[in-house]
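Visitor: Generate a structure from the sequence data that follows.
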Amino acid sequence: MDPCSFVRIIVGNLAVRFPSSSSSSSSEPSVSGINPSTPNCYCKIKFKNFPRQIASVPVTFRTESESETRSSGNISPVAACFSLSKAQIEASLKKPKWSVLSIETYSRDGDNFSGASCGLASASEKLLGRFEVSLDLKAAETKTCLANNGWVALRGSKKGRKYGSDPELHVTLRVEPDPRFVFQFDGEPECSPQVFQVQGNTKQAVFTCKFGARNSNSGDRNQLCSSSMRSEKEQPSKERKGWSITVHDLSGSPVAMASMVTPFVPSPGSNRVNRSSPGAWLILRPDGCTWKPWGRLEAWRESGYSSDALGYRFELFQDGIATAVSASSSISLKNGGSFVIDVTGGNTTAASTPVTSPQGSWDLGSGSSAGSRPASRPGSGSGSDFGYLLPQHPAQSRGFVMSASVEGVGKRSKPEVEVGVTHVTCTEDAAAHVALAAAVDLSLDACRLFSQKLRKELRQQSQLGVV
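Guide: Here you go, the predicted structure:
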């Protein structure tokens, strides 16, 4: 099946420009009341019902000739990203206001950014102005649209100013196609489910999963999903190890695997897996008659304000060697969330929600589209309908890589996986991302407190003290 239609809104190249003090009338108060020697500005970027994103913004000053500017900081190319599915695009067409992106620019006293980063207003912040633009999301499904690239006046914060006395905002705003393959587990990974490729209301089985656990004498893993394993009075185990999940194509050939290579064990004197001694998975791909490492996922339990979270870091392998960290963030153990790998801006980033605010180097004003779909080509390996581009290492490419949404502990989790088409060239590429999503989901259970019992599907009849 073809990939699903997604659109990506990218906001970047933000900077605020003020008239220089010498070019304004001495009888006129300083613009916004900020100290020109230590300017401090930030933007609140809002779109529909997405969480607003906040970015610190450098300040420049216009000279009398307006041919030069002096700057107080470096312009950050990418400040915010929003991704919309086909359903969200269609919904935005029903109400024009749902297609409006708003950027509010504020100045603040001092260097304290904590209130702004939490989205809280304070007495020290002053609204300089607002920039709004309506986006053509429907057109962006097939071509890149440059909605703005340059300076705009920030009027509206104070009335009665002379022309040219208003601060200005520089913003580059691009909307581009970002097609993705979407996969849906039809059950919990530990119950050896099928995995479907989804496009709209159409679903097609593409993979089967087989969960396994070493050091277990409990027999077939499928039987565990329908039988009780241990009595309530048994003592909880002191380590969780040996879990694996193998992804097969429809012919039965293994095309990816996630294998727990470092046990999840509680830190001395506690009943939790700490960051100092995380558990780990290897994500493997077939290489002839053996398996080749594709990535490594580490996970642990972090204390949170309202609830604990799953902390994680993911490293991608290239030629058998781990590269720079591709993802590092956390997911709420209570509510679940999304594991995301995104290299918008050139740097790999991740977040526990689909919305990220990466920083990096990217020519946002160019007309090229990272999401445009090239002609398909035959897949490799076991054969595939997923042939699009030549293999590309995420650290060498740009744009969205993948996301995996998972439910919180104790909830029926059927992970949904989205993979950018530029990162899928064959069945094994897609399967590796599916195996990674399964490992993330299983890590939520592996990081449960050791004073708590695991769900029956994950408990083993073993004399070795393993769950």
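
Visitor: can you give me the strands in the stretch 151-300 of the chain?
Guide: 168-177, 180-185, 194-199, 202-213, 243-249, 254-262, 279-287, 290-302 (DSSP state E, counting those that start in this stretch).

Visitor: I'd like to check the angle between the fourth one and strand 243-249, please.
Guide: Here the directions of strand 202-213 and strand 243-249 differ by 140 degrees (axes from the mean of the first three to the mean of the last three Cα atoms, to 10 degrees).

Visitor: partner strands of strand 202-213, parallel or antiparallel?
Guide: strand 194-199 (antiparallel), strand 243-249 (antiparallel) (DSSP bridges).

Visitor: Mean neighbour count, mean pLDDT and distance to Ala87 added to those strands, as JSON lines?
Guide: In this view, the C-beta of every residue, glycine as well, is placed from N, C-alpha and C. Putting these into JSON lines (neighbours: other Cβ atoms under 10 Å; pLDDT from 0 to 100; distance: least, Cβ to Cβ, whole Å) gives the following:
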{"stretch": "strand 194-199", "mean neighbour count": "19", "mean pLDDT": "97", "distance to Ala87": "12"}
{"stretch": "strand 243-249", "mean neighbour count": "23", "mean pLDDT": "97", "distance to Ala87": "27"}
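
Visitor: mind putting the ones you listed in CSV, distance to Phe82 included?
Guide: Converted to CSV, these look like this (distance: least, Cβ to Cβ, whole Å):
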stretch, distance to Phe82
strand 194-199, 21
strand 243-249, 31
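
Visitor: Relative to Gly212, which of the ones you listed is closest?
Guide: Closest approach to Gly212 among these (Cβ to Cβ): strand 243-249, 4.9 Å.

Visitor: returning to that earlier point: who wins for proximity to Ser451 among the strands paired with strand 202-213?
Guide: Across the strands paired with strand 202-213, Ser451 has its closest neighbour in strand 243-249 (20.0 Å, Cβ to Cβ).

Visitor: Output that closest one as CSV, restricted to C-alpha atoms.
Guide: Coordinates of the C-alpha atoms in strand 243-249 are reproduced here as CSV (Å, rounded to 0.1, in the frame of the first residue of the first chain):
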residue,chain,number,x,y,z
TRP,A,243,12.8,-11.1,26.7
SER,A,244,12.8,-10.9,22.9
ILE,A,245,10.4,-10.2,20.1
THR,A,246,11.0,-11.4,16.5
VAL,A,247,9.3,-9.8,13.6
HIS,A,248,8.5,-12.1,10.6
ASP,A,249,7.2,-11.2,7.2
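
Visitor: how about the helices in the stretch 351-467 of the chain?
Guide: Assigned helices in the stretch 351-467 of the chain, in chain order: 427-446 (criterion: DSSP state H, counting those that start in this stretch).

Visitor: so where do the strands sit in it?
Guide: 400-406, 416-420.

Visitor: Dump these into JSON lines; add mean pLDDT, mean neighbour count and distance to Val440 as well.
Guide: Below are those laid out as JSON lines (pLDDT from 0 to 100; neighbours: other Cβ atoms under 10 Å; distance: least, Cβ to Cβ, whole Å):
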{"stretch": "strand 400-406", "mean pLDDT": "94", "mean neighbour count": "26", "distance to Val440": "6"}
{"stretch": "strand 416-420", "mean pLDDT": "97", "mean neighbour count": "25", "distance to Val440": "10"}
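
Visitor: I'd like the ones you listed laid out as TSV, including distance to Pro58.
Guide: Listed next are the strands of the stretch 351-467 of the chain as TSV, based on distance: least, Cβ to Cβ, whole Å:
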stretch	distance to Pro58
strand 400-406	26
strand 416-420	30
